[in-house]
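Participant: here are the coordinates; sequence isn't available:
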């Protein structure tokens, strides 16, 4: 288990590091503790750290706030690199860093957008930096960087991320650059250990704790029982095999059963904004079409949806014009849609990290909801959060 891989910090944080960059901005109490935890670990010489903060806890806010306070390890090191694996995460991080640090020059290195030599902070796409034999990465002077921040750092053991970390000579506890990882869960879907990248989890606040402290919305559950035997479905990488799962749940009978059950629950509990997690593109399209047949204004987004259409659909969902948004692995991470009042787990899973990521999408606080209603298919919740 990952919980035994890392050393953890248990100190009571009394140091006073912080001065807000904006007069109208204040960290939440636990965010301030997270910032202090990182800076105290820096003072202790810990170069490779991880912060675990449940979805909706403001990970981007915390690392954006941290950047100017991270001390350099040498006179030449004054820049910060932020890595993210999706376009939405890159753009969101860059904007948040600019908002909190108007005195810093923040650049983006992604596709046609390129970083400048005078950027103080570069927010970069992992795929862009490793493309074409690391051609873009070679433009970076690794001796100018004091820190690498990894957004959604449970991906950090992937080959692409490792190539970047290795380029900056940051693969050992004696790393010349600080490696700071932020994630909602230090568990990976495939079970690969993250101890090779990080030496210490310096702060952790999980989903259950944040709900209890009212930092996130409460949860209510309903279960839809289907005429499907999940025990008969093959497994792959510690979860249901995607193809086998889709074959079992995309039959016309099951799709109709699911859509009608959801419709009854929607009418009973008056759902306004439901995010649906689907298995694959065919399952997503089929379920969305059946929901539309039942008179529900549903739309879908997949990895094949073009950027313009995706942005338009998402805007309509946030405004309430679209009542149900189906997706395939698009909104599992890095999604900020506070108006979601219900989640439909149309993709059963045995993976606790995936389950936590999905449920976290609906728990952001919003003035029009007191809780998020999670609709479970065939007792997926037995996986536990």
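Facilitator: Great, that's in hand. What you are looking at is a predicted structure, and each value in this text was computed from that prediction instead of being measured.
Participant: use CA for all of it now, contacts and neighbours both
Facilitator: Fine.
Participant: was I right about residue 375 contacting residue 222?
Facilitator: Yes. The pair residue 375 / residue 222 is scored as a contact, 4.9 Å apart, by Cα atoms under 8 Å.
Participant: higher neighbour count, those two?
Facilitator: When neighbours are counted by other Cα atoms under 10 Å, residue 375 comes out ahead of the other of residue 375 and residue 222, with 25 against 15.
Participant: in the stretch 51-200 of the chain, where is pLDDT below threshold?
Facilitator: Judged against pLDDT under 70, the low-scoring parts of the stretch 51-200 of the chain cover residues 188-194.
Participant: can you give me the helices in it?
Facilitator: Taking DSSP state H, counting those that start in this stretch to define them, one finds helices in the stretch 51-200 of the chain at 59-66, 87-100, 126-134, 159-167.
Participant: closest one to residue 295 among the ones you listed?
Facilitator: Taking Cα to Cα as the measure, those were each checked against residue 295, and helix 87-100 came out nearest at 31.1 Å.
Participant: what sits up against the closest one?
Facilitator: Contacts with helix 87-100, where a contact means Cα atoms under 8 Å, 6 or more residues apart in numbering, come from 21-22, 60-61, 64-65, 83-84, 104-108, 110, 123-125, 151, 334.
Participant: need the buried ones from those residues selected in PyMOL.
Facilitator: What follows is the PyMOL syntax selecting those of the contacts of helix 87-100 that are buried according to 16 or more other Cα atoms under 10 Å:
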select buried, resi 60+61+64+65+83+84+106+107+108+110+123+124+125+151+334
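Participant: to residue 357, which of the helices of the stretch 51-200 of the chain lies closest?
Facilitator: The closest approach between residue 357 and any of the helices of the stretch 51-200 of the chain, judged by Cα to Cα, belongs to helix 59-66 at 13.7 Å.
Participant: pLDDT score for residue 349?
Facilitator: The model reports residue 349 with a pLDDT of 91.
Participant: re earlier: determine which stretch of the helices of the stretch 51-200 of the chain is the most buried.
Facilitator: Of all the helices of the stretch 51-200 of the chain, helix 59-66 has the most neighbours on average by mean count of other Cα atoms under 10 Å, namely a mean of 22.
Participant: report all helices and strands that that helix contacts.
Facilitator: The helices and strands touching helix 59-66, judged by 3 or more Cα pairs under 8 Å, 6 or more residues apart in numbering; DSSP states H and E, are helix 29-43, helix 87-100, strand 178-183.
Participant: in a helix, residue 353, correct?
Facilitator: Yes. Assigned with DSSP: H, G, I helix; E, B strand; the rest coil, residue 353 falls within a helix.
Participant: going forward, count from 56.
Facilitator: From this message on, residue numbering opens at 56, which makes the last subject residue 408.
Participant: my read: it touches residue 240, true?
Facilitator: Yes. Here residue 408 reaches residue 240: they are 6.3 Å apart, a contact under Cα under 8 Å.
Participant: and residue 114, how close does it get to residue 181?
Facilitator: Distance of residue 114 to residue 181, given as Cα to Cα, to the nearest Å: 18 Å.
Participant: what distance do you get for residue 176 to residue 133?
Facilitator: When Cα to Cα is the yardstick, residue 176 and residue 133 sit 9 Å from each other.
Participant: quick one: residues contacting the closest residue to residue 162 other than its chain neighbours.
Facilitator: Here the nearest residue to residue 162 in space, its sequence neighbours aside, is residue 177; by Cα to Cα, 6 or more residues apart in numbering that works out to 4.8 Å. Counting by Cα under 8 Å, 6+ apart, residue 177 makes contact with 134-137, 161-164, 170.
Participant: try it again with 6 Å
Facilitator: Contacts here follow Cα atoms under 6 Å, 6 or more residues apart in numbering; on that basis residue 177 touches 136, 161-163.
Participant: between those, which is nearest residue 97?
Facilitator: The shortest approach to residue 97 among the contacts of residue 177 belongs to residue 136, at 16.9 Å (Cα to Cα).
Participant: quick one: the strands in the stretch 206-355 of the chain?
Facilitator: Assignment of strands within the stretch 206-355 of the chain using DSSP state E, counting those that start in this stretch yields the ranges 233-238, 255-260, 273-279, 290-291, 294-295, 329-332, 353-356.
Participant: mind putting those in a markdown table, distance to residue 343 included?
Facilitator: Converted to a markdown table, those look like this (distance: least, Cα to Cα, whole Å):
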| stretch | distance to residue 343 |
| --- | --- |
| strand 233-238 | 30 |
| strand 255-260 | 35 |
| strand 273-279 | 17 |
| strand 290-291 | 26 |
| strand 294-295 | 22 |
| strand 329-332 | 9 |
| strand 353-356 | 6 |
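Participant: domain parsing of this structure, as residue ranges.
Facilitator: Structural domains annotated on the chain: 57-267, 273-438, as defined by automatic domain parsing.
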